[in-house]
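1. need coordinates for the following:
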Amino acid sequence: MITRDEKPGLVRALTLTHAVSLVVGIIIGTGIFLVPADMARSTGSFALVMLAWVVGGLLSLFGALSYAELSSAMPEAGGEYVYLRRAYGPLVGYLWGWSGFILARSGSMATIASGFAIFASFFFPALGGQLAYFGLPAGEHQVTVLDIHGTTLLAIVAIWALTLVNYTGVRTGGRVQSFLTVLKVAVILGLTASAFAIGRGTSAKAPPLLPDHFGGATWAGFFGGAMVAALWAYDGWNNLPMVGSEVARPEKNLPRALIYGTLAVGLIYILTNLAYFYILPLGAIAASQNVAAAVATEILGRYGAAVVILGAIISSLATLNGSILTAARIPYAMARDGLFFRRLADVHPRYRTPSTSLFIFAGLASALALTGGFQQLYTLVIFGEWLFYALTTAGVFLLRRKEPNLPRPYRTWGYPWVPAIFLLMASVLLVYTFRQNLRESVLGLGLILVGLPLYWFWRRRSRPL
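-> Modelled structure (predicted):
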């Protein structure tokens, strides 16, 4: 009989470089190319846009500092699933893992892959052609069931290609992540440097620091628009701990990667936005659909848009690879605890990766990309995501009281103020999100609570491996 100890397990093959690349590569997606326009429209102010990037970066850093303590103390596969289970019990951990498995992570992968395919169609317009359509009649209209374009198939190909890369070893996935992240950062910093070096910023383009009429509406736009957009662009710093059992020297490298990676992204975002405002006036940024493309066109002429689209393609692939690498560890960890299908805890005997979990996630993401309805569905989990961020950060306080003797190689800098400030801001965002998106928030909570009967089923049926 094969015992648990005799089964192949995951290996600590990710170096500090790989880990930092995961943090940077997952966070920097397409947000830096697109959201500055929304932020400019929301605030009408250069100063408030930059303040949102700074505050958003600090809040993300505060979250990363809090997660750093948890990850160094519990460097296991699953990340938040492990921390929530330890702090609140297996039910809360399961509900987080369930929501991530069924929609949040798979929906994110489908969104990223589809974004990559849409950007790729800039160079290959034929990809935008419709290949198949199927709809059902609903009165005078039709409800779309399937609407398949060339970009749909390309998105699915990208999901499976990068899944196969990560199937062949976490070290291979880490190397691909490092390569794509370096390319991504090089394109963004290259555009930023070109803006200052060869761009023609003038005093006429200098944006006003504050809007003409500064009052409650301005602050509402700042908190409700610019801050939400900035935090969306910073989202993803929490993914690294999901591969905690595969990071070498986790007690040191997990905290370092979380802190270094988040700081690096904040610096890149601030420099890039300064370049945007150096080249374009506030009104042009607010009116732009793709700020980075508009700036590149101003600097490089007709080739500028192509450079930015290429950067967006690389950025999407880096984010997708990182998401695939980290997300598969969630059902793996749940299955190891007997709370999911046992096959999802399988580790490939040669490649030492959670192969079944990787392929299941690829299948879910492909199905969502195929239906095309994931964009609407993904909005349902935003409230739940921030709820779990808050619960996880609160776990820092809870576990210090509950398990004071738990080895903590890293303790949150600025405790208790740093996690408390993050909790306060998370609470503000939860209230804002619930009020602004009441229907989606309630439905999202309902989706999470669907996991309750499933949890009780697995608790009665299974035992940990």
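2. hmm, Ala229 and Arg41 touching each other?
-> No: checked against Cβ atoms under 8 Å, the pair Arg41 and Ala229 is beyond contact range at 9.8 Å. Using the backbone N, CA and C atoms, a C-beta is placed for each residue, glycine as well.
3. more neighbours: those two, which one.
-> Neighbours per residue (other Cβ atoms under 10 Å) separate Arg41 from Ala229, with Ala229 holding more: 24 against 19.
4. just the pLDDT for that one.
-> Note for Ala229: predicted pLDDT of 82.
5. contacting residues for the residue lying closest to Ala52 once chain neighbours are set aside?
-> Nearest non-adjacent residue to Ala52, counting by Cβ to Cβ, 6 or more residues apart in numbering: Ala226, 3.8 Å away. Shown in contact with Ala226 (Cβ atoms under 8 Å, 6 or more residues apart in numbering): Asp38, Met39, Ser42, Thr43, Leu48, Val49, Ala52.
6. and if you look at Ile259?
-> Leu61, Ala64, Leu65, Ala68.
7. count of neighbours near the last one?
-> Counted with other Cβ under 10 Å, the burial measure for Ala68 works out to 25 neighbours.
8. report the separation between it and Pro75.
-> 11 Å (Cβ to Cβ, to the nearest Å).
9. and Val247, what are its phi and psi?
-> Phi and psi for Val247, reported as degrees, to the nearest 10, are phi -100, psi 130.
10. so it makes contact with Thr17?
-> No: counting by Cβ under 8 Å, Val247 stays clear of Thr17, with 11.2 Å between them.
11. neighbour count for these two, which is higher?
-> The residue with more neighbours, out of Val247 and Thr17, is Val247; 26 against 16, by other Cβ under 10 Å.
12. who touches both of Ala68 and Pro75?
-> Joint contacts of Ala68 and Pro75 (Cβ under 8 Å, 6+ apart) are Leu254.
13. shaky segments in the stretch 201-350 of the chain?
-> Low-confidence segments of the stretch 201-350 of the chain (pLDDT under 70): 201-224.
14. any idea where the helices of it begin and end?
-> In the stretch 201-350 of the chain, helices defined by DSSP state H, counting those that start in this stretch lie at 216-221, 227-234, 250-279, 282-287, 291-300, 304-327, 329-336, listed in chain order.
15. how far off centre is the fourth one?
-> Put simply, helix 282-287 sits 27 Å off its chain's centre (Cα atoms, centre = their mean, to the nearest Å).
16. the longest one now?
-> Taking Cα atoms, centre = their mean, one finds the center of helix 250-279 at 15 Å from the center of the full chain.
17. mind listing what's buried in it?
-> Neighbour-count burial for helix 250-279, counted by 16 or more other Cβ atoms under 10 Å, picks out 250, 253-266, 268-269, 271-279.
18. so where do the strands sit in the protein?
-> 130-138, 141-149 (DSSP state E).
19. next, the most centrally placed residue in the chain: phi, psi?
-> Nearest to the geometric centre of the chain sits Gly236, at 3.3 Å (Cα atoms, centre = their mean). Note on Gly236: backbone dihedrals following degrees, to the nearest 10 are phi 120, psi -10.
20. OK, contacts around it?
-> Val23, Ile26, Ile27, Gly29, Thr319, Gly322.
21. residue boundaries of the helices in the stretch 1-150 of the chain?
-> Counting by DSSP H, counting those that start in this stretch, the helices of the stretch 1-150 of the chain are 16-27, 31-43, 46-73, 80-88, 90-99, 105-120, 150-167.
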